[in-house]
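Asks: Give me the fold of what follows.
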Amino acid sequence: MGVSVLTLAFAAPSASAHGSFGQATLTGWAMLPAATFVSASDPSGGLLGGTPSNGITPPFDDQPVQGFSGIVKNGDGTFDVISDNGYGNKANSGDFVLRIHRVFPDYAKKTVDVVGGINLTDPNGYVSWALTRKDRVLTGADFDIESIQRLSDGTYWIGDEFGPYLLHFDRAGRLMQAPISLPGVRAPENPEGNPNLNSSKGFEGMAQSPDGRTLYPLLEGTVAGDPAGALRFNEFDLVHQRYTGTIYTYQLEDPSNSIGDAIAVDDDRFLIIERDQGQGATAKLKRIYLADKRDRNRDGKMDKTLVADLMNLADPRHLGGTSNVFTFPFQTIEDVVILDDRTLGVVNDNNFPFSSGRTAGQPDNDEFITIRLTDNLHADKRFLH
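Replies: As a prediction, this is how the structure comes out:
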């Protein structure tokens, strides 16, 4: 193993004086209804106590198609999206099966079709602790998956929050090796104990370098002892299967905010969703930043440029409603993908059936939107096909 270079550097948060793009424009809107289920699947929601939420009463006869927390572009109009741990925590999600869904948003019809999917499993016993199901189908009590990248060989790398772990699956959803821990960081759900990261604050975003040799998993929360709002953006060498020790710092606008996703634009720049905890009328900050790891101003943090304010999207064609301004007022917005050099796809995690950011008292649907930026990203061409 070579000597790694530690570049973890922190500084006190500075005032938000970032450069920015202009007002982005909504160019497409499609919706998957909240009450969408995997047909002929296993019952789910039995650990929710039968308590109604937003007019929905569990348990369910089948698995909900919900909680989209990571996205991969397939190049044919479809996308692979992952459902997270299910219902919010380890204790209530043991009957929620972890799954990669394949979906097709039709922006002309404003609909989203679920065209396939695979369950995530560990048939070869790479997980050393007891799983919830004896058949080794993975559930939301085993892992909380929140980010995904697919390599050129068709295998998937998925970021988890319970470890936090990196998980490597083949194209059929079978775990290929033991979960990989992040050195020096443990969540409360980690069986090794001594946590220094809060629950649900693990690998919320994960980028892949243009050459496919490096992953960049980004923590959602601050590790104990680090400055408030400072998030560790880690570097993982796929060739040697190890963390390099290089860590960059993404600084939240407010320590109470969270990130929702992180993807690469080129070797140095990343698109990162940052959001507050509000929904509906209380939603204020839902943004996409361009973060540069080169740290041009030498303040110890990634440089940030505002790319899109998701609470202030121009909608001159009234694709998303009757107003000239479209808002994306969801508590959790956890998917961003580059469609072309000026167009992004963005998807919310609807936390079915708990979130109601669009209409009070009604469960949020999964909304797929496309937005046109005012400037080119000048992204690496390998991300544009």
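
Asks: what about residue 89, neighbour count?
Replies: The tally of other residues near residue 89 (other C-beta atoms under 10 Å) stands at 16. Every residue, glycine included, has its C-beta placed from N, CA and C.

Asks: Setting the sequence-adjacent residues aside, check what's closest to it.
Replies: Take residue 89 and drop its neighbours on the chain: the residue closest to it by C-beta to C-beta, 6 or more residues apart in numbering is residue 199, 7.3 Å away.

Asks: Could you do residue 306 as well?
Replies: Once flanking residues are discounted, residue 306 sits nearest to residue 20: 3.6 Å by C-beta to C-beta, 6+ apart.

Asks: Quick check, residue 251 in contact with residue 302.
Replies: Yes: using C-beta atoms under 8 Å, residue 251 is in contact with residue 302, at 7.3 Å.

Asks: and the residue nearest to residue 89, that one's in a strand?
Replies: No: judged by DSSP: H, G, I helix; E, B strand; the rest coil, residue 199 forms no part of a strand; its state is coil.

Asks: Tell me the pLDDT of it.
Replies: Model confidence at residue 199, given as pLDDT, is 96.

Asks: OK, contacts around the residue nearest to residue 306?
Replies: Residues in contact with residue 20 (C-beta atoms under 8 Å, 6 or more residues apart in numbering) are 305-307.

Asks: By neighbours, which of those residues wins?
Replies: Neighbour counts for the contacts of residue 20 (other C-beta under 10 Å) peak at residue 307, which has 23 neighbours.

Asks: How many neighbouring residues does residue 43 have?
Replies: Summarising burial for residue 43: neighbours were counted as other C-beta under 10 Å, giving 12.

Asks: Tell me who's in contact with residue 374.
Replies: Going by C-beta under 8 Å, 6+ apart, residue 374 touches 21-24.

Asks: per-residue pLDDT, residue 17?
Replies: 39.

Asks: Now list the buried members of the contacts of residue 374.
Replies: Buried members of the contacts of residue 374, counted by 16 or more other C-beta atoms under 10 Å: 21, 24.

Asks: Closest one of the contacts of residue 374 to residue 108?
Replies: Residue 108 lies nearest to residue 24 out of these, by C-beta to C-beta, at 20.9 Å.

Asks: So that closest one versus residue 353, what's the distance?
Replies: From residue 24 across to residue 353, the span is 30 Å (C-beta to C-beta, to the nearest Å).
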